[in-house]
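[1] Okay, predicted coordinates and the sequence, questions at the end:
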Amino acid sequence: MAARPWNTVIVSAITIIAAWVWLLAGVLFALRWVALERPGPPLKDLFPHGELRIGVDASYPPFGVDNGREMYGIDIDIGRAIGAHLGVTVRFVNMGFDGLYDSLRVDQVDLLLSALLIDPSRMNDVRYTVPYYNAGLVLVTTDPTVTAMSDLSSRALSFEFGSDADRSARLWLRRIPPFETMPYETQNDALEAARLGLSDAALVDSTAARLFRRDHPGWNPALIPVSDALYAGAVRINRVETWAAINEVLEDMLDSGELQAILARWL
């Protein structure tokens, strides 16, 4: 077989190299195109009523309070911050907790922001935002050797009688060697027992622990997470772009520390 002329080989090589260059250029262009930030939908599409209507039950301090003149609290501050980031006017619609999801369904509000626990049974009807607060149980103690519920053996644990903490304590009694249980009438009573050294630790929800610690600045116990109870906003399932815009703002607030600063003002 006769050898191929050198000029034919060179032309073939150049053709192959050119093809690879064009392919690489195409890939780079595609990556650049995907990476380009595009403006989101206009506000009139996200909020067709010209405002961000937020449903809230303002009877649950410190998350929402209505004193007859104004509403204030954690959820109110977060809602106003979301509106400021999006550049849209915010209007709070105060109602009973039982009516919140119905108000979203009939388009009375755009967003629910009212210490809502994420409820898997409602996910066919609503989209939840990224969680902004964990109200789960925490172990409150000044004992450095207690870092988890499993460290309570032979110690004393205070909690509110009949509460989730009571049920959790009884479950732990089946898992580890015994510890003394000290039921009290309220969470604050259980926390006071821990503060005074009557118990080695208290098991209460995160909000009660933070408020009690805030009101007793000379006492600085550790708050050790035991369970999760996640609060999130909720948007109607078919309003995908509205949910995405609100969720992105909340994620940015989490990343920047703005959300933590709001919580710290109240807790």
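    Nice, I can see it.
[2] residue ranges with poor pLDDT in this protein?
    Along the chain, the parts satisfying pLDDT under 70 run over 1-40.
[3] which secondary structure elements does the strand or helix carrying Lys44 contact?
    Here Lys44 sits within helix 43-46, counting by DSSP states H and E. Applying 3 or more C-beta pairs under 8 Å, 6 or more residues apart in numbering; DSSP states H and E, one finds that helix 43-46 makes contact with helix 240-256. For every residue, glycine as well, the C-beta is placed using N, CA and C.
[4] Summarise which helices and strands the helix it packs on is packed against.
    Applying 3+ C-beta pairs under 8 Å, 6+ apart, one finds that helix 240-256 contacts helix 43-46, helix 74-86, strand 234-236, helix 258-266.
[5] strand partners of the helix or strand that the first one is followed by, parallel vs antiparallel please.
    It stands for helix 43-46. Heading C-terminal from helix 43-46, the first helix or strand you meet, by DSSP H and E, is strand 52-56. When pairing is defined by DSSP bridges, strand 52-56 lines up against strand 90-94 (parallel), strand 111-112 (parallel).
[6] Pick the most buried one from the ones you listed.
    strand 111-112 (a mean of 26; mean count of other C-beta atoms under 10 Å).
[7] Toward the C-terminus, what is the element adjacent to that one?
    Counting by DSSP H and E, what follows strand 111-112 is strand 126-128.
[8] in its sheet, what does that following strand sit against?
    Here strand 126-128 is paired, per DSSP bridges, with strand 234-236 (antiparallel).
[9] Name the residues of the partner strand that are buried.
    Ala234, Val235, Arg236 (16 or more other C-beta atoms under 10 Å).
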